[in-house]
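Undergrad: Mind looking at a prediction? Sequence and model below.
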Amino acid sequence: KGSQVVLDVLTEEQRSLRWRFLLVSTAIKAATWVKAPYLFALYNRVHGFTRSQIGILYAIDNVTSLLLGPIIGSLCDTYGRKKFCVLYCFCIIAHISLRITGSQYLAYFAQIITGICSVLIDTAFESWVNYQSNSLFDDTENGKKEKNSFLRELFTKQVNIDCLTSIALTGVATYLYIKYGIFYPFYCCMLFALIASFLIMFLWEENVIVPGETK
């Protein structure tokens, strides 16, 4: 029978890793959801893009992710995932800053940065927590099962928090839009991204990548 990791048997280090990852993940998802409802309106009303042009914008970030994904993933492994998680936060701030200028020209550059963000959030964050968990479980067969159970529980909690965050932050975005205007959800997005960057810098340690290591 496979071993199951539950809250009562987690060590202090395992609990610490869990809450540090979930805290950062919540801030990151908050930045994502608070801007999501009004991206189309920003493109259409502020930039003046047509529906077909907006489709091209979404294609740009997908192509960027496809082309740069393997390169960025390799750089994360080489230079450390924490650095690239912080980079993700500042890329969020950069692309939002370009979007709210209202410039169509800059919006295309913003979409390229969005593609880079997509790669980072799909690789650096989970790679960081997976690597950190290696040091918290032994390398025996039972230790590997415990680690897998720990990560399953962790990612399940992440998904549940993400669902709640999406509901709450959509409401926040709606309030900001009605009360203050279309730009304020995006200002709030940048604030959450900045908070996440400081959380990563002060609460996370860097993965020490050893050449030839397979973990």
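TA: Perfect, I can see it now.
Undergrad: Relative to residue 137, how far out is residue 13?
TA: Relative to residue 137, residue 13 is positioned 10 Å away (C-beta to C-beta, to the nearest Å). Glycine gets a C-beta too; all of them are placed from N, C-alpha and C.
Undergrad: So which of those two has more stuff around it?
TA: residue 137 (20 against 12; other C-beta atoms under 10 Å).
Undergrad: tell me the secondary structure for the more buried one?
TA: coil (DSSP: H, G, I helix; E, B strand; the rest coil).
Undergrad: For it, give me phi and psi.
TA: phi -130, psi 150 (degrees, to the nearest 10).
Undergrad: Could you double-check that it lies in contact with residue 148?
TA: No: the pair residue 137 and residue 148 fails to qualify as a contact (C-beta atoms under 8 Å) at a distance of 9.1 Å.
Undergrad: What residues sit buried inside the lengthiest helix in the chain?
TA: For the chain, the helix with the greatest residue count under DSSP state H is helix 141-180. Buried residues in helix 141-180, defined by neighbour count with 16 or more other C-beta atoms under 10 Å: 145-147, 149-151, 153-154, 158, 161-162, 165-166, 169, 173, 176-177.
Undergrad: got the end-to-end distance for stretch 132-148?
TA: With C-alpha to C-alpha, to the nearest Å as the measure, stretch 132-148 spans 13 Å from end to end.
Undergrad: That stretch - what's its average pLDDT?
TA: For stretch 132-148, mean pLDDT is 89.
Undergrad: just to revisit the earlier point, quick check, distance from the longest helix of the chain to the centre of its chain.
TA: Distance of helix 141-180 from its chain centroid, counting by C-alpha atoms, centre = their mean, to the nearest Å, is 11 Å.
Undergrad: With stretch 26-45 instead?
TA: 13 Å.
Undergrad: How far does that stretch stretch from one end to the other?
TA: For stretch 26-45, the first-to-last residue distance is 30 Å (C-alpha to C-alpha).
Undergrad: now stretch 123-142
TA: Using C-alpha to C-alpha, the end-to-end distance of stretch 123-142 comes out at 26 Å.
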